[in-house]
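Q: sharing a sequence plus its predicted fold:
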Amino acid sequence: MNIPIQLDSVCSTQGTFTPRWFRFEDEENQIQTVKIQRIVSEKELNYVRIRVLQYICAAAFKDEEKIFELRYYVGSHKWTFFKMLT
């Protein structure tokens with residue numbers, strides 16, 4: 001997938017993000033809004049000096065719980081819906 005998204009998050013006093021929901025345009029050009037139910041894991045990745053924050057999240061999507069990966073690219077300040085895991 002790796003598509004750009006609009007994301008709403010909360011930032012703690014220590015500077016950590018907690019994603020709450022995100023929006024993306026699906027293959028039928030419809031805007032889908034996904035409310036995140038829980039963060040399964042989060043970690044920092046580095047790809048050839050590109051700093052990325054990876055979030056594995058769970059949410060109800062189309063009447064099923066789905067697990068998916070979101071990524072925040074620190075240098076460009078952009079979020080992507082990287083892939084659906086389930």
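A: Done, it's in.
Q: please, which helix or strand holds the most centrally placed residue in the chain?
A: Closest to where the C-alpha atoms of the chain average out (CA atoms, centre = their mean) is residue 70, at 2.7 Å. Secondary structure here is read from DSSP states H and E; on that basis residue 70 sits in strand 64-73.
Q: about what we covered before: confidence score at the residue nearest to the centre of the chain?
A: On pLDDT, residue 70 comes in at 97.
Q: contacting residues for it?
A: Applying CB atoms under 8 Å, 6 or more residues apart in numbering, one finds that residue 70 lies in contact with 5, 7, 19, 22, 54-55, 57, 79-82. Placement of C-beta: from N, CA and C, glycine included.
Q: ok, which stretches of the protein are strands?
A: Assignment of strands within the chain using DSSP state E yields the ranges 3-4, 6-11, 17-25, 31-47, 50-61, 64-73, 78-84.
Q: strand partners (parallel or antiparallel) of the fifth one?
A: Sheet pairing here is set by DSSP bridges, and for strand 50-61 it gives strand 31-47 (antiparallel), strand 64-73 (antiparallel).
Q: repeat for the third one
A: Strand 17-25 pairs in its sheet with strand 6-11 (antiparallel), strand 31-47 (antiparallel), by DSSP bridges.
Q: hmm, who's touching it?
A: For strand 17-25, using CB under 8 Å, 6+ apart, the contacting residues are 3-12, 31-36, 39, 53, 55, 57, 70, 72, 79, 81.
Q: the same query, at a cut-off of 10 Å, please.
A: Under the criterion CB atoms under 10 Å, 6 or more residues apart in numbering, residues 1, 3-12, 30-36, 39, 42, 53, 55, 57, 59, 68, 70, 72, 79-81 lie in contact with strand 17-25.
Q: which of the residues you listed are buried, as a ChimeraX select command?
A: ChimeraX command restricting the contacts of strand 17-25 to the buried ones, with burial defined by 16 or more other CB atoms under 10 Å:
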select :5,7,9,34,36,42,53,55,57,59,68,70,72,79,80,81
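Q: that older thread, okay if I get the strands paired with strand 17-25 as JSON lines plus mean pLDDT and distance to residue 64?
A: Formatted as JSON lines, the entries for the strands paired with strand 17-25 read as follows, by pLDDT from 0 to 100; distance: least, CB to CB, whole Å:
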{"stretch": "strand 6-11", "mean pLDDT": "96", "distance to residue 64": "21"}
{"stretch": "strand 31-47", "mean pLDDT": "95", "distance to residue 64": "12"}
